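1. dropping a prediction and its sequence here:
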Amino acid sequence: MIKELHVELFRFDSKVDYLPYYKKYTIEYKQRDTILSILNKINNIEKFSFEPTVDFNLKINNLYMNANEFIVNIVDATSNEFIIEPISIYRATRDLIIDKKDFLEKIVSFKEYVTPMDMDEYAKNYELDYYASNTYDINRDYIGDHSLLIASDIIEQNPELKQDILSKISNADNGIWYHTSLENRVFNYDISKEHRIKTLLSMLPKVTYSGISASVNTKTHSADISQYFNGFNIASFDGLNKNSASAMIKESKANYVDISLKYEDLAPYSTLVSKDFSLKIAGNILIQAKDENADFIIVRGKSDVMLFDGEQKRIEKAVGREINLPVISQEQFVKLLQGEKDSSLLGFDKHKVKVSFL
């Protein structure tokens with residue numbers, strides 16, 4: 001069965017263009033067509049720069065993947081409207097081609113521990129792990145998840161090098177502390193990689209923990225609704241475990257503001273070495289919700305409220321922008337839906353950013 005795909009393709013030439021732009025195409029595809037086949041079809045219509053191989057990496061609808069993925073799987077996960085971009089807009093040189101110098105240099109930094117053949121394999125297999133990281137978008141000096149996976153391999157194969165390698169990857173400015181999970185950013189992510197990185201973290205000395213939650217195992221609530229939110233725009237931060245409040249928001253008759261950063265990792269270990277890295281991640285989430293005209297954002301629980309609301313002034317300073325966006329928990333939203341209007345019973349009297357819609 002032939003179906004249609006609507007594509008916006010990133011175009012940019014660093015030698016000519018000041019800013020990137022996007023060109024639109026409507027492409028037909030079949031059940032077994034891959035991303036590479038679509039790239040080739042567009043290239044037949046109008047030439048652009050990419051690598052015509054199944055190992056070529058790119059970003060579609062904010063998901064990182066290689067060109068060997070089936071189109072139908074990406075459509076099922078997102079939609080039939082594709083925004084196709086390079087894996088790093090920041091490093092783009094021509095269309096979907098990027099300058100990989102930074103990625104390769106960090107592999108070479110392990111040259112005394114691995115063979116040239118190993119380095120070639122790492123360059124081939126770990127590119128997505130480097131560029132897909134949200135950490136990379138915030139801290140360009142980050143050692144990279146690919147470096148952490150290389151470190152894991154070295155320690156496994158040569159346990160006597162453990163302390164040397166741990167010292168190499170635990171720098172306070174760019175080390176493992178800044179790792180953020182890729183499980184919601186890379187399509188069909190191999191979660192065993194995340195387990196390997198967590199194993200590395202477990203090898204490092206324990207320090208006082210911040211209390212910021214990477215994931216929260218809470219059930220999304222349901223409520224008997226007696227108070228609706230017609231006319232409101234409401235965003236949600238769902239975290240790694242995708243504890244989504246979207247269904248509740250839609251049931252409340254509000255407009256659900258779907259932000260692309262809703263499943264991000266808040267980098268809790270970064271607080272051991274940095275005062276503001278997690279604040280920058282939270283700031284980007286709040287700014288995206290604000291820019292999408294959200295009236296407020298729903299977060300998972302108390303620890304999220306403590307960060308997104310309690311630290312919002314520090315967040316504003318970290319990202320260099322005023323935000324002033326009310327933050328409430330899923331539990332508080334359920335109580336609102338059930339008709340509760342007492343600010344103190346809801347806990348809103350303790351919030352730093354006034355919840356003004358009551």
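-> Ah, there it is. This is a predicted model, so every value here is computed, not measured. Numbering: from 1, shown residues only.

2. domain-wise, how is this structure divided?
-> 3-98, 101-203, 233-350 (automatic domain parsing).

3. quick one: average pLDDT of the second one?
-> Predicted confidence along domain 101-203 averages 96 (mean pLDDT).

4. swap in the last one?
-> With pLDDT averaged residue by residue, domain 233-350 scores 95.

5. for the stretch 151-300 of the chain, what spans make up the strands?
-> Per DSSP state E, counting those that start in this stretch, the stretch 151-300 of the chain carries strands over the ranges 233-236, 255-257, 296-299.

6. how much distance is there from the first one to the middle of the chain?
-> It refers to strand 233-236. Put simply, strand 233-236 sits 18 Å off its chain's centre (CA atoms, centre = their mean, to the nearest Å).

7. and what of the last one?
-> Offset of strand 296-299 from its chain centre (CA atoms, centre = their mean): 18 Å.

8. Val319 and Ile143: what is the separation?
-> 23 Å (CB to CB, to the nearest Å). Glycine gets a C-beta too; all of them are placed from N, C-alpha and C.

9. tabulate the strands of the stretch 151-300 of the chain (CSV), appending mean neighbour count.
-> Below are those laid out as CSV (neighbours: other CB atoms under 10 Å):
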stretch, mean neighbour count
strand 233-236, 23
strand 255-257, 20
strand 296-299, 26
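
10. if we can go back for a sec, and Val319 and Ile143? which has more neighbours close in?
-> Using other CB atoms under 10 Å as the criterion, Val319 and Ile143 rank with Ile143 on top: 25 against 19.

11. tell me the contacts of that one?
-> Listed by CB atoms under 8 Å, 6 or more residues apart in numbering, the contact set of Ile143 reads Lys106, Ile169, Asn171, Asn174, Gly175, Ile176.

12. just these now: which is nearest Asn44?
-> Using CB to CB, Lys106 comes nearest to Asn44 of those, at 36.3 Å.

13. neighbours of that closest one, how many?
-> 20.

14. any idea which element Glu28 lies in?
-> Glu28 belongs to strand 21-29 when assigned by DSSP states H and E.

15. got the angle for the very next helix or strand once past that strand vs strand 21-29?
-> Toward the C-terminal end, the helix or strand that comes next after strand 21-29 (DSSP H and E) is helix 35-45. Using axes from the mean of the first three to the mean of the last three CA atoms, to 10 degrees, one finds that helix 35-45 and strand 21-29 are set 110 degrees apart in direction.

16. thinking again about what came up before, got a PyMOL select line for the buried ones in the contacts of Ile143?
-> Remark: buried members of the contacts of Ile143, expressed as a PyMOL selection using 16 or more other CB atoms under 10 Å:
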select buried, resi 106+169+174+175+176
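
17. could you save the contacts of Ile143 as a markdown table and add columns showing distance to Met306?
-> What follows is the contacts of Ile143, written out as a markdown table (distance: CB to CB, whole Å):
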| residue | distance to Met306 |
| --- | --- |
| Lys106 | 34 |
| Ile169 | 29 |
| Asn171 | 28 |
| Asn174 | 27 |
| Gly175 | 26 |
| Ile176 | 25 |
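
18. out of the contacts of Ile143, which comes closest to Thr135?
-> Asn174 (9.3 Å).

19. now the closest one, nearest residue through space, not along the chain?
-> Once flanking residues are discounted, Asn174 sits nearest to Asp141: 4.4 Å by CB to CB, 6 or more residues apart in numbering.

20. that neighbour: which element?
-> Here Asp141 is assigned to no helix or strand, by DSSP H and E.

21. quick check, distance from stretch 290-303 to the centre of its chain.
-> Per CA atoms, centre = their mean, the centroid offset for stretch 290-303 relative to its chain is 17 Å.

22. equivalent analysis for stretch 185-197, please.
-> With CA atoms, centre = their mean, you get 13 Å for stretch 185-197.

23. ok now do the closest residue in space to Thr180 that isn't next to it in sequence, which residues does it touch?
-> Residue nearest to Thr180 in three dimensions, not counting chain neighbours: Asp265, with 4.0 Å by CB to CB, 6+ apart. Counting by CB under 8 Å, 6+ apart, Asp265 touches Asn134, Thr180, Ser181, Asn184, Ala214, Gly239, Leu240, Ile281.

24. quick check on those: which are buried?
-> Asn134, Thr180, Ser181, Asn184, Gly239, Leu240, Ile281.

25. let me know the closest of those to Glu251.
-> After measuring these against Glu251 - CB to CB - the closest member comes out as Gly239, at 20.6 Å.

26. correct me, but the closest one touches Tyr263?
-> Yes. Between Gly239 and Tyr263 there is a contact under CB atoms under 8 Å: 6.7 Å.

27. re the thing from before, for Leu148, which of the strands of the stretch 151-300 of the chain is the nearest?
-> The nearest among these, by CB to CB, is strand 296-299 at 28.0 Å.

28. what's near enough to touch Ile165?
-> Contacts of Ile165 (CB under 8 Å, 6+ apart): Tyr113, Ala151, Ile154, Ile155.
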